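K.L.:
just to be clear, the model below is a prediction. Sequence and coordinates:
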Amino acid sequence: MTQQNGGSPAEAKESLIEFPCDFPIKVMGKTHPEFHDTIVAVLREFDGGFDATTIETRPSSGGNYTGLTVTVRATSQAHLDDMYRALTGHPMVKIVL
């Protein structure tokens, strides 16, 4: 696969985001009283200063699922990838976008 700029796909991927940056992540899981606090704890493993008051919470129409929009401070692509892996690997999380 050739990119229009002549670079490889990996080079193009690396240049799409400038780090460090604030990056929004959507996290969805079954509604549970500890879901919010659990996600905060996971994110604070990567960013000790993560501000939980910035989280936007949206219940599903049936109330069975909860969606959280969290904005994290990502310092590199690897840092962002590590956060995604930790979130997707958590048993309370169904989807991470």
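P.N.:
Perfect, I can see it now. Numbers count the residues shown, from 1 in each chain.

K.L.:
what is the neighbour count of P20?
P.N.:
Around P20 there are 11 other residues, counting by other Cβ atoms under 10 Å. For every residue, glycine as well, the C-beta is placed using N, CA and C.

K.L.:
same check, this time on the one 10 residues further on
P.N.:
Around K30 sit 13 other residues, with neighbours defined as other Cβ under 10 Å.

K.L.:
try L80
P.N.:
Using other Cβ under 10 Å, L80 has 19 other residues around it.

K.L.:
got it, and the one 5 residues further on?
P.N.:
Residues contacting R85 under the criterion other Cβ under 10 Å number 11.

K.L.:
mind checking pLDDT for it?
P.N.:
R85 is assigned 98 on the pLDDT scale.

K.L.:
now swap in L16 and tell me
P.N.:
89.

K.L.:
so who does it touch?
P.N.:
With Cβ atoms under 8 Å, 6 or more residues apart in numbering as the criterion, no residue contacts L16.
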